[in-house]
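after the sequence you'll find the predicted model.
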Amino acid sequence: MYNPLLDTFLAVADHGSFTRAAEGLFISPTAVMKQINALERQLNLKLFARTPTGVRLTPAGEVIRRATAFLMDYSQKTLESARAASGTYDATFRVGTSLLNPAKPFIDLWYQMNRDFPDYKLHLVPFTDSHTGILSEISRLGEKFDFLIGVCDSRTWLSHSDFLPLGRYRKMVAVPREHPLAGRDKLAVEALHGRTLMMVPRGDSGTNDFIRSDLERNHPEIHIEDTAQFYDLSVFNRCAETGNVLLTIECWRDVHPGLVTIPVDWDYSIPYGLLYRAGGRQDVQRLIDLVQALPR
């Protein structure tokens, strides 16, 4: 079966730091270092090069990292095959929840169909929104989580999961509370002229690529600054610290207490929905089928 020490290995590889990995795993840095040392002893391999600024994968570590995704998938499928053979399933759906991808929309959905799963319980599994570690979390659908729910228009995310759209969130902007625009109920796009708008780089999201191209063509007076490829709390902190304008969405109004979210007179929106792993548990697929049949 899958070695649980590999979870810690992936967290350290994604974050490049024992300390930051410990924060995401909710354990101490010392515990992380002990687990990595134990894994290196088990494998008789040096997986990380320790440096004063963090850690980086050795060539051997890179090989292990590539193989880990296969091991996770194979282990999960083996367990599901064994459960199917015995005719038993764990009557629990594990739902990931984080600051930017909270489980509440799933819970609201659940109460529309829980009568079809009378013996099932929900188990919320917290995870950390980290632009360096989010792909590792998404790749664990079917193993750590059965479902995540959130905004998804990322080609990279969709290469790691299946996605059932549920609706769209309006694109808005966020500014610090002391910003000159903070008191407005709604903004004209022209109010952003001469200002810096923070948004994700081009290339991963069709929606955001369209928005960027549209603004560059029709509102060249807006200066666009790239953020990290995937939003995390550090992006909102940078908006608060610099006084720039941040492209955001309506459901993230309360993510940062120092920011105010304001609608803009544009028609930009982005899809949100359920992320899951197809081809796994039969009950997961049954829930997906029921969601698809709900009236919209």
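Looks like it came in fine.

and the helices in the stretch 1-150 of the chain, which stretches?
5-15, 18-25, 29-43, 59-86, 104-110, 134-138 (DSSP state H, counting those that start in this stretch).

count the neighbours of residue 237 for me.
The number of residues packed near residue 237 is 13, by other CB atoms under 10 Å. All C-beta spots, glycine's among them, are computed from the backbone N, C-alpha and C.

so it makes contact with residue 256?
Yes. Look at residue 237 against residue 256 with CB atoms under 8 Å: they come within range, at 7.2 Å.

need the phi and psi values for residue 133.
Residue 133 adopts backbone torsions of phi -120, psi 0, taken as degrees, to the nearest 10.

ok, the closest residue to it other than its chain neighbours - contacts?
Residue nearest to residue 133 in three dimensions, not counting chain neighbours: residue 14, with 3.9 Å by CB to CB, 6 or more residues apart in numbering. Residue 14 is in contact with 21, 130, 132-133, 135-136, counting by CB atoms under 8 Å, 6 or more residues apart in numbering.

most surrounded residue in those residues?
Going by other CB under 10 Å, residue 21 tops the contacts of residue 14 with 29 neighbours.

isn't that residue up against residue 9?
No. Using CB under 8 Å, residue 21 makes no contact with residue 9, being 9.2 Å away.

quick one: closest of the helices of the stretch 1-150 of the chain to residue 122.
Closest of the helices of the stretch 1-150 of the chain to residue 122 is helix 104-110, at 6.3 Å (criterion: CB to CB).

now the closest one, how far from the chain's geometric center?
17 Å (CA atoms, centre = their mean, to the nearest Å).

mind listing the strands for the protein?
For the chain, the strands defined by DSSP state E occupy 48-51, 54-57, 92-97, 121-126, 148-151, 162-176, 196-199, 223-226, 245-249, 259-262, 269-276.

got the angle between the third one and strand 121-126?
Okay, so that is strand 92-97. Interaxial angle, strand 92-97 versus strand 121-126 (axes from the mean of the first three to the mean of the last three CA atoms, to 10 degrees): 30 degrees.

got the buried residues for strand 92-97?
93-97 (16 or more other CB atoms under 10 Å).

against which helices or strands is it packed?
In terms of contacts (3 or more CB pairs under 8 Å, 6 or more residues apart in numbering; DSSP states H and E), strand 92-97 is packed against helix 104-110, strand 121-126, strand 148-151, helix 282-293.

now do the buried residues in the second one.
Of the residues in strand 121-126, those buried under the neighbour-count criterion (16+ other CB under 10 Å) are 122, 125.

same question for the first one.
Neighbour counts using 16+ other CB under 10 Å place 105-106, 109-110 of helix 104-110 among the buried residues.

helices or strands up against it?
Looks like helix 104-110 contacts strand 92-97, strand 148-151 (3+ CB pairs under 8 Å, 6+ apart).

now it: average pLDDT?
Mean per-residue pLDDT for helix 104-110: 93.

distance of residue 210 from residue 244?
21 Å (CB to CB, to the nearest Å).

more crowded one of the two?
For residue 210 versus residue 244, neighbours defined as other CB under 10 Å are more numerous around residue 244 (20 against 12).

what is the closest residue in space to the more buried one that isn't next to it in sequence paired to in the beta sheet?
Distance criterion CB to CB, 6+ apart; nearest residue to residue 244, sequence neighbours excluded, is residue 196 at 4.3 Å. The partner list for residue 196 in beta bridges (DSSP bridges) reads residue 223.

what about residue 196, how many neighbours?
15.

residue 261 versus residue 290, what's the distance?
Distance, residue 290 to residue 261, by CB to CB: 33 Å.

looking at the two, which one has more neighbours?
Counted by other CB under 10 Å, residue 290 and residue 261 do not tie: residue 261 has more neighbours, with 19 against 14.

my guess is that one contacts residue 171, does it?
No. Residue 261 lies out of contact with residue 171 (CB under 8 Å); the separation is 10.6 Å.

joint contacts of these two?
Taking CB under 8 Å, 6+ apart as the criterion, residue 261 and residue 171 both touch residue 248.

where does this structure have low pLDDT?
For the chain, the stretches with pLDDT under 70 are 1-2, 69, 73-74, 76-90, 296.
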